[in-house]
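A.B. asks: Have a look at this prediction, sequence included:
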Amino acid sequence: MLRPSLAAVPSATVVRPAALVGLGRIPRIGVVRRRTLALVGVPFAAYLALGLVFSLGGQIITGDAWSRVGNAYYVLFSRDPHLAAIGFVWNPLPSIVDALFLPLALIWRPIVDHGVAGNLMSSIFMALAIREAWLWLGELGVAKPARVGLVVALAAHPLVVLYGGNGMSEAPFVFFLLVAGRAVSGWLGSSSVSRLAIAGFGLALAYLTRYEAVAPIAALTLLVAGVSFVRARGTPRERATTGVADALILAAPAAGAFVLWAVASWIIVGSPFETFTSVYGNSSQVGLSIEAIRASTGSTPAGMLAYLTEQVLALEPALALVLGLAAVVALIRRDVRMLVPIAALGSVLAFSGLLFVAGGSFGWLRFSITAVPLAVICLGVVLGRQPVTAGAPRWTPHAHPARAATVPARAAAALAAIAHLAVAPLARVVTALVVGLALVAIPAGVNAMFDARLAREEAPKIAGLVAGDRLMPGERRQFVVAGEIARYLDAQDLPRGSVVVDVALGFWIVLQSEDPEQFVITPDRDFERVIADPATFDARYLLISPPYGLGGMAALERAHPGIYETGAGIAELAREFRNPTDGAVAWRLFEVTPN
């Protein structure tokens, strides 16, 4: 059988790869690699460098981030290593990723004792988030110069930079929301079921990162169902069936993650939602700190809402203008893609705000981080190309022969060229102004990060890093005291299971010790039995923090009320460890009285 030869095909019909490269349809592999390096490698290096400046240079390690490293550490290196030691109060994905770096601690201890595993985790995810934003803007049709400006506005925003390197869960959360949003936006233009599946898995991973993901899961599911119903054909019942089917494709992975995580928690610890029911959960911590929260943020719903609005506008001062501009452009173009960033990112702002006003949140500045990518993507909708609805016929000159015959082709081309020359400079000015709305958030964000009233977590850390030893933020003081305790205990050469400590607060100590097996810690399966009767289980020491504020949730104080003050008849004070700045007692070490 003879095979057709390319020589037999008319030259006009031969599509040559080199020509496609020239047209930009198939980028060269080298170009793709350089672009990926710029989009991922550069932000990753910058975020990691800043994270290491804080953790290694300033010894200022964000407690929540380091505790997630601890959750992963207990699974592998504790006295009782087991998978459930990862805990069920907080979502598991950040700790699972942290665990991938922990074997490196065998050759470089800062992976654990300075929380560098967390720095690596957040740096990777925030760099990937920057790439995802770049790709989303490209799919919206934003021209390359404007796309560069918008991505810089996202990547260089101070809040994004800080949380890109400090090991917190904001970085993976933003990444997964961008994955889901980009996929749904692509589905609007293509009706591709695979894009809905990608969005569903992105939302599932977002839920395994932070509980706030329930808001975008609900919002995007409703959006997909509504759009699918409107553009489907057939009877109302058939259209409703199509809408429900598309919505289920999106929601099924997220619903699966929700159910599996809840069932696992229920089976192992007896409660499906530990963040609400556990003494260590968010609800308990907010309850213990509510007076301090209200003193800083306002004691009435109106005052708290005003505080939250200040935070958001401090991060993105042009957000209201951006949303209004994007809404006008979307209405003119009849572009439903505007609804996607609002559903994927804006819903998180709304959910966090409602939770805060209801008294269920600390109201940290970082809870508004999605305002930054929300503004950037909405401006991408403004600057993007006019979308073509999937399945709709495109206009061609052949569809209007009468009009085509009226104006000669050469005259039409000349008119188009003149119009382009007249409009292009104005278009460039408008584009620059629109990109400027995103870039103005960078200096505004710097001011916000130094505002101790709005940035109650971030401002003390930054001030402490700048001031050095002249000003020790809370994390630095805890790190120093915990290191002193860990070194003291390590020097005793204690046998396995000698020191009882609740790692909800004492993770600072355990993670700096070179002998984790000397500790009986909260995730250990015999922890409750040991704290009930330490002497019977050969525990020698009890480490107890002051029972004030969050210290009130410590297991030893709850099991033996008054133990911090008196020893509760089961132990005697052996040593006190004090803060290096004010000399206040930070921890007490009690020696267990034999039976």
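C.D. replies: Here it is on my side, so go on.
A.B. asks: ok, so what distance separates the spatially most central residue of the chain from residue 125?
C.D. replies: Residue closest to the mean C-alpha point of the chain, counted by Cα atoms, centre = their mean, is residue 170 at 2.3 Å. Using Cβ to Cβ, to the nearest Å, one obtains 9 Å as the distance from residue 170 to residue 125. C-beta coordinates here come from the backbone N, C-alpha and C atoms, glycine included.
A.B. asks: do the same with residue 168
C.D. replies: If you go by Cβ to Cβ, the gap between residue 168 and residue 125 works out to 10 Å.
A.B. asks: Just give the nearest non-adjacent residue to the residue nearest to the centre of the chain, would you?
C.D. replies: Once its chain neighbours are removed from consideration, residue 170 has its nearest residue in residue 163; the separation is 4.3 Å (Cβ to Cβ, 6 or more residues apart in numbering).
A.B. asks: What is the neighbour count of that neighbour?
C.D. replies: A count of nearby residues for residue 163, using other Cβ atoms under 10 Å, gives 27.
A.B. asks: List the contacts of it.
C.D. replies: 122, 126, 170, 171, 366, 369 (Cβ atoms under 8 Å, 6 or more residues apart in numbering).
A.B. asks: give me the element the residue nearest to the second one when sequence neighbours are not counted is part of.
C.D. replies: Of all residues beyond its chain neighbours, the one nearest residue 126 is residue 164 (3.3 Å), with distances taken as Cβ to Cβ, 6+ apart. Using DSSP states H and E, the element containing residue 164 is helix 158-165.
A.B. asks: okay, that helix in CSV with CA atoms only?
C.D. replies: Output in CSV follows, covering the C-alpha atoms of helix 158-165 (Å, rounded to 0.1, in the frame of the first residue of the first chain):
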residue,chain,number,x,y,z
PRO,A,158,3.6,42.6,50.6
LEU,A,159,1.0,40.3,52.1
VAL,A,160,1.5,37.8,49.3
VAL,A,161,5.3,38.0,49.7
LEU,A,162,5.1,37.5,53.5
TYR,A,163,2.7,34.6,53.3
GLY,A,164,4.6,33.1,50.4
GLY,A,165,7.5,32.5,52.6
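A.B. asks: by how many degrees do the very next helix or strand once past it and helix 158-165 diverge?
C.D. replies: Towards the C-terminus, the helix or strand next in line after helix 158-165, according to DSSP H and E, is helix 170-190. Using axes from the mean of the first three to the mean of the last three Cα atoms, to 10 degrees, one finds that helix 170-190 and helix 158-165 are set 110 degrees apart in direction.
A.B. asks: Show me what helix 170-190 is packed up against.
C.D. replies: For helix 170-190, the contact count by 3 or more Cβ pairs under 8 Å, 6 or more residues apart in numbering; DSSP states H and E identifies helix 93-101, helix 116-140, helix 158-165, helix 193-207, helix 214-231, helix 339-341, helix 371-383 as packing neighbours.
A.B. asks: For the fifth one, buried residues please.
C.D. replies: If I follow you right, that is helix 214-231. When neighbours are counted by 16 or more other Cβ atoms under 10 Å, the buried residues of helix 214-231 are found to be 214-225, 227-229, 231.
A.B. asks: packing partners for that helix?
C.D. replies: Helices and strands touching helix 214-231, as assessed by 3+ Cβ pairs under 8 Å, 6+ apart, comprise helix 170-190, helix 193-207, helix 236-269, helix 339-341, helix 347-357.
A.B. asks: After the third one, which helix or strand is next?
C.D. replies: For helix 236-269, the succeeding helix or strand toward the C-terminus, using DSSP H and E, is helix 274-277.
A.B. asks: And the average pLDDT for the helix or strand that that next one is followed by is what?
C.D. replies: Once helix 274-277 ends, the next helix or strand along the chain (criterion: DSSP H and E) is helix 282-297. Helix 282-297 shows a mean pLDDT of 86.
A.B. asks: I'd like to check the angle between helix 282-297 and helix 347-357, please.
C.D. replies: Going by the same axes, to 10 degrees, helix 282-297 makes 80 degrees with helix 347-357.
A.B. asks: Relative to the whole chain's centre, how far out is helix 282-297?
C.D. replies: Going by Cα atoms, centre = their mean, to the nearest Å, the spacing between the C-alpha centre of helix 282-297 and its chain's C-alpha centre is 22 Å.
A.B. asks: Renumber starting at 6 from here on
C.D. replies: Sure thing, new numbering starts at 6, so read that last one as helix 287-302.
A.B. asks: which strands and helices sit next to it?
C.D. replies: helix 279-282, helix 306-320.
A.B. asks: Just want the angle from the helix or strand containing residue 152 to helix 121-145.
C.D. replies: Per DSSP H and E, residue 152 falls inside helix 149-160. Using the same axes, to 10 degrees, one finds that helix 149-160 and helix 121-145 are set 150 degrees apart in direction.
A.B. asks: Just the buried residues of helix 149-160, please?
C.D. replies: Buried residues in helix 149-160, counting neighbours by 16+ other Cβ under 10 Å, are found at 151, 152, 154, 155, 156, 157, 158, 159, 160.
A.B. asks: picking up where we left off before, is it possible to export the helices and strands packed on helix 219-236 to CSV including mean pLDDT and distance to residue 66?
C.D. replies: Below are those laid out as CSV (pLDDT from 0 to 100; distance: least, Cβ to Cβ, whole Å):
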stretch, mean pLDDT, distance to residue 66
helix 175-195, 96, 16
helix 198-212, 96, 25
helix 241-274, 94, 27
helix 344-346, 96, 33
helix 352-362, 95, 24
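A.B. asks: So which of these is nearest residue 469?
C.D. replies: Closest approach to residue 469 among the helices and strands packed on helix 219-236 is made by helix 175-195 (20.3 Å; Cβ to Cβ).
A.B. asks: Run through the residues that contact the closest residue to residue 460 other than its chain neighbours.
C.D. replies: Counting by Cβ to Cβ, 6+ apart, the nearest residue to residue 460 once its immediate chain neighbours are dropped is residue 370, at 4.7 Å. Residues counted as contacts of residue 370 (Cβ under 8 Å, 6+ apart) are 164, 316, 319, 320, 453, 454, 459, 460, 461, 462, 463.
A.B. asks: ok, residue 370 to residue 568 distance?
C.D. replies: From residue 370 across to residue 568, the span is 36 Å (Cβ to Cβ).
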